[in-house]
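>>> Could you work out the structure for the sequence below:
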Amino acid sequence: MCLMLLLTLLVAYFKLDRCRAGHGLLVAIIIVIMGLLALEVTSVAIDSRFNPEVAAHDWLVPWARLVNSLGFALVPVPGLLLWFFVHRWTGTAMQGWAIAIGAFPVICNIILSLLSFNGGILFEIAPDNRYSRGPWFALSPLAFYCGQMLTVFFIFRQFRELKREETILLAVTAALPMLIGAIQLVHATILTIWSSWAISTVILFVGVMVCNAETDELTRLDNRTAFRNAIHVARTMNPLRLCVAMIDMDGLKAINDRYGHHAGDDAIRTLAATMRLVFDRKTRLMRLGGDEFAVLEFSDDPAAIYEKLCNVEERLAQHNAMPYRVAFSYGLACSREGEHLDDLLKRCDNLMYERKRNKYRKA
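I've put the predicted structure just below:
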């Protein structure tokens, strides 16, 4: 597990932009899990239950206490880092109360771990270097589970802000250590907690890499790569059932020229946020680049998409927080019987440009 995490850490260090939301925290999670695995290996090596030869070396007792104190102190730390990571990943600002709630079980656990060095609260080390659980051992996994449940609760609170793949990825990352780690709570000699965390961390890393590859950084909508992948799936459908809306923002160049590119980025984000608010999760929302967007839904009923596009237009027309107007033109088309996918996309593009030309004629 340590070797697997070391390889993951090297790839993350050289391939992830640590300035982007959550990437630095992901690296921190990997490092902490590696440290905990190393502490667990050391703890097993100097435990006479697993290594009878150390029973006669009483000078190892304080080292065993130190190793276990550090290990117990770090138990809820990966969960706290994941709590911070999910906030950063969703773009949710960390309020003071949220930081306090996330840190409370960690601080309590650290205090109990330090007191256990001589007090035998969470664990005890016998003179023959035999480890055993202390009378208050349950408080440490309780702190761990409280932290994980906070993260799971937050993930499902952000249900609308996350894509389905992101929700599944983050939920699995948080739930896997709780489920597999429970085996170690029942059977102390079956060491599953940090191994499951290692697997969970690698899953998170792979998921982050995939999400980065298919997510537009500015809007957090799907990007052109995701669009190509969705079109590839559509090509395998027989019969084809697909509704597509091609969207082009109106006047983005004028906004950039008059107010600056920062204002243009704000306009793009405003359109994306409004689309995300109106459309449900079964609809794929994509930014293809620049001022181009797309809406995909695997159905043959354009009415629902048309109604929601009108809703987006109405909301943007009422939006007056900016000194400029955010608007768009679109072409909406759904597959016809026997129609080729390329013809559908071309028809959709033509409808969008025709609508845009009509707007300029009226202006």
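>>> and Ala294, that's in a strand?
Yes - Ala294 sits within a strand when classified using DSSP: H, G, I helix; E, B strand; the rest coil.
>>> show me the contacts for Ala317.
Counting by Cβ atoms under 8 Å, 6 or more residues apart in numbering, Ala317 makes contact with Arg325, Ala327. (Each C-beta comes from the backbone N, C-alpha and C, glycine too.)
>>> do you know how far it is from Ala64?
The gap separating Ala317 from Ala64 is 69 Å, by Cβ to Cβ, to the nearest Å.
>>> now do Tyr360
Relative to Ala64, and taking Cβ to Cβ, Tyr360 is found at 78 Å.
>>> more neighbours, these two?
Ala64 (22 against 9; other Cβ atoms under 10 Å).
>>> partners of the closest residue to the more buried one other than its chain neighbours in the sheet?
Excluding its sequence neighbours, the residue lying closest to Ala64 (Cβ to Cβ, 6 or more residues apart in numbering) is Ile125, at 4.7 Å. Beta-bridge partners for Ile125, by DSSP bridges, are Tyr131.
>>> go on, Arg287?
Beta-bridge partners for Arg287, by DSSP bridges, are Phe293.
>>> how close does it sit to Ala254?
19 Å.
>>> Which positions in the helix or strand in which Arg357 is found come out as buried?
Element membership of Arg357 [criterion: DSSP states H and E] is helix 341-362. Of all the residues in helix 341-362, those buried under the rule 16 or more other Cβ atoms under 10 Å are Leu341, Leu344, Leu345, Arg347, Cys348, Leu351, Met352, Arg355, Lys356.
>>> how far out from the middle of the chain is stretch 266-283?
19 Å (Cα atoms, centre = their mean, to the nearest Å).
>>> what's in contact with it?
Against stretch 266-283 from outside (Cβ under 8 Å, 6+ apart): 160-161, 163-164, 218-221, 249, 252, 255, 285, 287, 291, 293, 295-297, 305, 308, 311-312, 315-316, 319, 322, 324, 326, 328.
>>> Among those, the buried ones, what's the ChimeraX command?
Per 16+ other Cβ under 10 Å, the buried members of those correspond to this ChimeraX selection:
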select :161,163,219,220,221,249,252,255,285,287,291,293,295,296,297,305,308,312,315,316,326,328
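>>> can you tell me which of the contacts of stretch 266-283 are in helices?
Among the contacts of stretch 266-283, the members found in helices (DSSP state H) are Arg164, Leu252, Ile255, Ile305, Lys308, Asn311, Val312, Arg315, Leu316.
>>> Look up how far Phe123 lies from the residue of the chain positioned farthest from its centre.
Largest separation from the mean C-alpha position in the chain: Ala56, at 48.5 Å (Cα atoms, centre = their mean). Distance, Ala56 to Phe123, by Cβ to Cβ: 21 Å.
>>> And for Arg220?
44 Å.
>>> And Val67, by the same measure?
Distance from Val67 to Phe123, by Cβ to Cβ: 10 Å.
>>> Kindly report the same for Phe156.
34 Å.
>>> Check Ala55 too.
Distance of Ala55 to Phe123, given as Cβ to Cβ: 17 Å.
>>> who has more neighbours, those two?
Counted by other Cβ under 10 Å, Ala55 and Phe123 do not tie: Phe123 has more neighbours, with 22 against 16.
>>> what's near enough to touch the more buried one?
Counting by Cβ under 8 Å, 6+ apart, Phe123 touches Asn68, Phe72, Ser116, Tyr131, Ser132, Arg133, Gly134, Phe137.
>>> coming back round to it: isn't the residue nearest to Ala64 up against Trp63?
No - the pair Ile125 / Trp63 is not scored as a contact, 9.3 Å apart, by Cβ atoms under 8 Å.
>>> of these two, who's got more company?
More crowded of Ile125 and Trp63, by other Cβ under 10 Å: Ile125, with 26 against 15.
>>> Can you give me the pLDDT of the more buried one?
For Ile125, the model assigns a pLDDT of 93.
>>> Tell me which stretches of this protein form helices.
Under DSSP H, the chain gives helices at 2-15, 23-45, 61-73, 77-90, 96-119, 139-157, 164-186, 193-214, 224-235, 252-259, 261-278, 302-318, 341-362.
>>> Including mean pLDDT and distance to Asn51, could these go into a markdown table?
Shown next, in a markdown table, are the helices of the chain (pLDDT from 0 to 100; distance: least, Cβ to Cβ, whole Å):
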| stretch | mean pLDDT | distance to Asn51 |
| --- | --- | --- |
| helix 2-15 | 90 | 19 |
| helix 23-45 | 93 | 6 |
| helix 61-73 | 94 | 11 |
| helix 77-90 | 90 | 27 |
| helix 96-119 | 89 | 21 |
| helix 139-157 | 90 | 24 |
| helix 164-186 | 91 | 19 |
| helix 193-214 | 92 | 19 |
| helix 224-235 | 92 | 51 |
| helix 252-259 | 92 | 68 |
| helix 261-278 | 93 | 56 |
| helix 302-318 | 92 | 65 |
| helix 341-362 | 87 | 64 |
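>>> Pick the most deeply packed of those helices.
helix 77-90 (a mean of 23; mean count of other Cβ atoms under 10 Å).
>>> Show residues contacting that helix.
So helix 77-90 is contacted by 21-22, 25-26, 28-29, 32-33, 36, 93-94, 98, 102-103, 106, 144, 147-148, 150-151, 154-155, 158, 161-162, 166, 170, 173-174, 177, 197, 201 (Cβ under 8 Å, 6+ apart).
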